[in-house]
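> Sequence below, structure please.
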Amino acid sequence: MKNLSNKVVVITGAGSGIGRALALNLAAKGSRLALSDVNAAGLAETAQLATKAGSPDVRTATLDVADREAFASYAAGVAEHFGQVNVVINNAGVALAGDVVDLDYKDMDWIVGINFWGVVHGTKEFLPHLIASGDGHVVNLSSLFGLLAMPGQSAYNATKFAVRGFTEALREEMLIAGHRVGVTSVHPGGIKTAIARNARVSDKEDKAATAKLFDEKLAKMTPERAAEIIVKGIQKNQARVLVGLDAHALHQFQKFTGSRYEDVIALVSKRVLPAKAV
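Sure, this is the predicted structure:
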């Protein structure tokens with residue numbers, strides 16, 4: 001799918017961050033856009049910007065991707081409105097910080113519902129339309145933390161590893177079936193978004209300190225640059241897209257060291273992570 005002009009692209013989590021940047025990048029290429037987010041105000045702003053950027057048709061909907069029935073209804077409405085669907089980018093995601101011993105089940109259910117089930121819902125509900133289009137693509141946002149684990153990120157790691165496995169298996173299935181549907185797993189490193197500031201944390205975590213560490217030390221790339229890399233990955237039908245020097249470097253480090261990377265990460269993290277509440 002080298003030409004995205006007039007293609008119908010679905011993007012979840014389009015109200016800010018990478019989702020908004022993807023919408024504007026694709027709008028400038030002439031894509032027709034179906035945008036959703038739980039943040040109605042942010043979504044409306046993205047839609048206005050996308051129209052100005054050149055999209056000939058922008059449809060928006062406030063959507064909780066964890067709600068299966070709502071997602072099914074949304075997908076049906078998108079297909080009816082546009083008559084086809086070519087690309088689905090399951091971008092919506094949230095973060096949860098805290099050691100396993102300190103996490104609450106309700107917060108773990110929350111992140112699994114959005115980060116994993118949201119991706120499954122977006123894939124399942126739109127896949128028949130992508131297959132029917134004869135020129136489709138599924139893009140699922142995993143993370144650098146879908147390639148290696150980090151302390152204090154167990155639930156986030158679990159969802160992003162799950163997205164990676166789900167997406168890689170889906171690609172294999174499309175190849176076996178001979179469907180003209182590309183599948184890409186995306187693994188961003190630190191991107192300048194509000195994900196850390198909007199995250200949930202356990203009672204033992206210092207949320208402000210954790211967000212500050214992410215914003216000032218870890219988030220190095222702009223959402224716009226991340227979107228450029230992801231869109232190029234779609235056009236090249238890449239199976240895996242790493243976004244950021246940190247993603248590339250840590251992925252190579254993990255491959256080189258094997259499971260011993262866990263010992264190194266634990267040692268470094270002990271020195272740099274914010275102190276726990278007593």
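
> from here on, contacts and neighbour counts on C-alpha atoms
Noted.

> Report all helices and strands that the lowest-mean-pLDDT helix or strand in the chain contacts.
In the chain, no helix or strand scores lower on mean pLDDT, DSSP states H and E than helix 207-213, which sits at a mean of 90. Packed against helix 207-213, as judged by 3 or more CA pairs under 8 Å, 6 or more residues apart in numbering; DSSP states H and E, are no other helices or strands.

> Mind listing what's buried along that helix?
Using 16 or more other CA atoms under 10 Å as the test for burial, helix 207-213 gives 207, 210-211, 213.

> starting at the chain centroid, how far to it?
How far helix 207-213 lies from its chain's middle: 21 Å, per CA atoms, centre = their mean, to the nearest Å.

> what does the next helix or strand after it rub up against?
Toward the C-terminus, helix 207-213 is succeeded by helix 223-235 as the next helix or strand (DSSP states H and E). The contact list for helix 223-235 (CA atoms under 8 Å, 6 or more residues apart in numbering) reads 1-3, 17-18, 21-22, 25-26, 137, 139, 182, 184, 186, 188, 191-193, 240-241, 243-244.

> And the buried ones among those residues, selectable in ChimeraX?
Listed next is the ChimeraX selection for buried residues among the contacts of helix 223-235, using 16+ other CA under 10 Å:
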select :1,17,18,21,22,25,26,137,139,182,184,186,188,191,192,193,240,241,243,244
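
> Mind checking which of the contacts of helix 223-235 land in strands?
137, 139, 182, 184, 186, 188, 240-241, 243 (DSSP state E).

> dump the residue contacts of the residue lying closest to A14 once chain neighbours are set aside.
Residue nearest to A14 in three dimensions, not counting chain neighbours: R20, with 4.7 Å by CA to CA, 6 or more residues apart in numbering. R20 is in contact with 13-14, 46, counting by CA under 8 Å, 6+ apart.

> most neighbours, which of the residues you listed?
A14 (31 neighbours; other CA atoms under 10 Å).

> Could you report the distance from it to S202?
Remark: distance between A14 and S202 (CA to CA, to the nearest Å) = 27 Å.

> which residues of the stretch 1-150 of the chain fall in strands?
All strands of the stretch 1-150 of the chain, identified by DSSP state E, counting those that start in this stretch, fall at 8-11, 32-37, 58-62, 87-90, 96-97, 136-141.

> Restricting the selection to alpha carbons, write the first one to PDB.
Included here for strand 8-11 are C-alpha records, laid out as PDB according to Å, rounded to 0.1, in the frame of the first residue of the first chain:
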ATOM      1  CA  VAL A   8     -10.000   4.800   4.400                       C
ATOM      2  CA  VAL A   9      -7.900   4.800   7.500                       C
ATOM      3  CA  VAL A  10      -9.300   4.100  11.000                       C
ATOM      4  CA  ILE A  11      -7.300   5.400  13.900                       C
END
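
> Which strands border that strand, and is each parallel or antiparallel?
As defined by DSSP bridges, the strand partners of strand 8-11 come to strand 32-37 (parallel), strand 87-90 (parallel).
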